[in-house]
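> what follows is a predicted structure for the sequence shown.
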Amino acid sequence: MKRAILLQIDEITSKKGKILKDFSSKATSEFNRLWKDRNFCNTFMDFHRKTFAESKGRTGFNVQVYACLERTVWRSKGVSKGITVKFNVPRNCKTFDMTMPFIELGIYPRNRIAVPIKKNRNFQRYSDLLKNGWICKTYGLTSRLEIVAYLSKDGTELPLKKNVLGIDVNSKCFAITVLSPEGMVLHQDYFGKDIWERRRKLFERKSILQSYADTGSSHANKALNRTKRNEHNFVKNRIGEVVRDITEMALRYDADISIENLKRFSPKSKRFNREVMRIPFLTFRKNLEQRCFDKNIKLNIVDAWHTSKFCSHCGAVGKGHDSRNYALFRCKECGVEVNSDRQASLNIAIKSLLERRDTTNHDSFQISNRRVPVNGLIRPDAVVEPIVAVRHVSSTYGKPTGFSRG
């Protein structure tokens, strides 16, 4: 597991401030210059051989700093107005504490500069993580003259909890289902409904402000930027609160957590993309992974095959959503009608239970009074690809494990 914490630089002399600003500006200029040379190289080694000697002599940076620039350029998608330069510990960076904490950065050969760090909430969080076994081997200097601490920690394989909590992420909310190993639904709920409603209103406001900004109104342009910041902060805070509530529920029910392995969808209409992206799945997943790691909860990434089309009552696989009402799941075989989001979260939990080590009789797994043929939830090539049905992401803390039927 990895994390990054932004540390504020305390008051420094004007001389140090000028050195850091010049270094950051020079690094950004070199980054944009290297980006133009990158377009004519097929591999990273070709790019390195072409640019290293000339650029190293032109900038005078330490080799490690320049190597960081090369890797950043190779992974980037275009030029930048400001970049974060990384420094490795102990070769090019070290920390020490006298009356206040300092981070010493080696920006040029035989030229190190000590930067004081402000003792605020971020620094306290950084210190607490170090005490809890996290390790920081890399620090970064941003274009705004802030220090980024990149921390990492290895975990151990976690034991299975009794139950499973399945999460279905859709454009309007997070639907959850807590399922016991015997197939009994212990709890179902929704989280984050206000995110969709608030973002819908903000989209309407941004559309109006954008129309005025296009006419050249500076006031509308400022209001538009302010609205975007408010939207970003609201979504970020609410996602964090939703993740906190879900993990607390998982602990209360003694459950592991399972979510779908959603992939990037094909771009369609502008309206469709806006509807889908009202719930930022990537932000939710990153927050969930970190929270599960902190609370020792196993997080399983489940393959999304048929999770929204499988009927947990009779086992039939159909089209899923009702053509008359998208919010309903209608099974043509048994006629059952249920909420489609709850049905999907239930199927995610079922699929995770089917792949557990202690589940011995998969074919007799029972959800209702009827027997459920579980092969509707497993891909046809699951025997060839053993980790296609479910992947235990808690193995990011240890070694990856996966199970398949047969």
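Arrived safely, thanks for sending. Everything quoted here is computed from the prediction, not taken from an experiment.
> Thr51 - that's part of a strand, no?
No - counting by DSSP: H, G, I helix; E, B strand; the rest coil, Thr51 is not part of a strand but helix.
> from Glu241, how far out is the residue lying closest to Leu186 once chain neighbours are set aside?
Distances taken as CB to CB, 6 or more residues apart in numbering put Val178 closest to Leu186, at 4.3 Å, once the chain neighbours are dropped. For the C-beta atoms, the positions are set from N, CA and C on the backbone; glycine is no exception. With distances taken as CB to CB, to the nearest Å, Val178 is found 19 Å from Glu241.
> before we move on, what about Leu202?
Separation of Leu202 from Glu241 (CB to CB): 18 Å.
> more neighbours, those two?
Taking other CB atoms under 10 Å, Leu202 and Glu241 do not tie; Leu202 has more neighbours (16 against 13).
> so what's that one closest to, chain neighbours aside?
Closest to Leu202 by CB to CB, 6+ apart is Glu231, at 4.8 Å.
> pull out the buried positions in the host helix or strand of that neighbour.
Taking DSSP states H and E as the definition, Glu231 sits inside helix 218-252. If you call a residue buried by 16 or more other CB atoms under 10 Å, then helix 218-252 has these buried ones: 220, 223-224, 227, 231, 235, 238-239, 242-243, 246-247, 249-250.
> and the host helix or strand of Leu34, average pLDDT?
Assigned by DSSP H and E, Leu34 falls within helix 14-38. What helix 14-38 shows for mean pLDDT is 90.
> give me the contacts around it.
12, 47, 50-51, 55, 58-59, 61, 65, 69-70, 72-74, 76, 78-83, 85, 107, 113, 115, 141-143, 145 (CB atoms under 8 Å, 6 or more residues apart in numbering).
> mind listing which of those residues are in strands?
Among those, the residues falling in strands (DSSP state E) are Val85, Ile107, Ile113, Val115, Leu141.
> just name the closest of the residues you listed to Ile301, please.
Within the ones in strands among the contacts of helix 14-38, the smallest distance to Ile301 is 33.1 Å, found for Val85 (CB to CB).
> the closest one pairs with what?
Beta bridges link Val85 to Leu141, judged by DSSP bridges.
> let me see the contact set for it.
Phe23, Ser24, Ala27, Val65, Cys68, Leu69, Gly140, Leu141 are the contacts of Val85 under CB under 8 Å, 6+ apart.
> next up, the contacts around the last one.
Leu141 makes contact with Leu20, Phe23, Ser24, Thr84, Val85, Phe87, Leu105, Ile147, Val148, according to CB under 8 Å, 6+ apart.
> what sits closest to Cys334 if chain neighbours are left out?
Nearest non-adjacent residue to Cys334 (CB to CB, 6+ apart): Cys314, at 4.0 Å.
> quick one: low-confidence ranges for the stretch 301-406 of the chain?
The model of the stretch 301-406 of the chain has pLDDT under 70 over residues 319-326, 357-406.
> do you know how far the residue nearest in space to the middle of the chain is from Ile19?
The residue lying closest to the centre of the chain (CA atoms, centre = their mean) is Lys286, at 2.8 Å. For Lys286, the distance to Ile19 equals 35 Å [CB to CB].
> which helix or strand lies directly C-terminal to the helix holding Glu231?
Sequence-wise, the next helix or strand downstream of helix 218-252 (DSSP H and E) is strand 255-260.
> angle of that next one against helix 218-252?
Angle, strand 255-260 to helix 218-252, by axes from the mean of the first three to the mean of the last three CA atoms, to 10 degrees: 140 degrees.
> so what secondary structure elements neighbour strand 255-260?
Strand 255-260 sits against strand 163-169, helix 218-252, helix 281-294, strand 299-302, helix 340-354, with contacts defined as 3 or more CB pairs under 8 Å, 6 or more residues apart in numbering; DSSP states H and E.
> reformat those as a markdown table; add distance to Arg38.
Formatted as a markdown table, these follow (distance: least, CB to CB, whole Å):
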| stretch | distance to Arg38 |
| --- | --- |
| strand 163-169 | 36 |
| helix 218-252 | 30 |
| helix 281-294 | 26 |
| strand 299-302 | 33 |
| helix 340-354 | 41 |
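> which of these sits closest to Gly155?
Going by CB to CB, the one of the helices and strands packed on strand 255-260 nearest Gly155 is helix 281-294, 6.4 Å.
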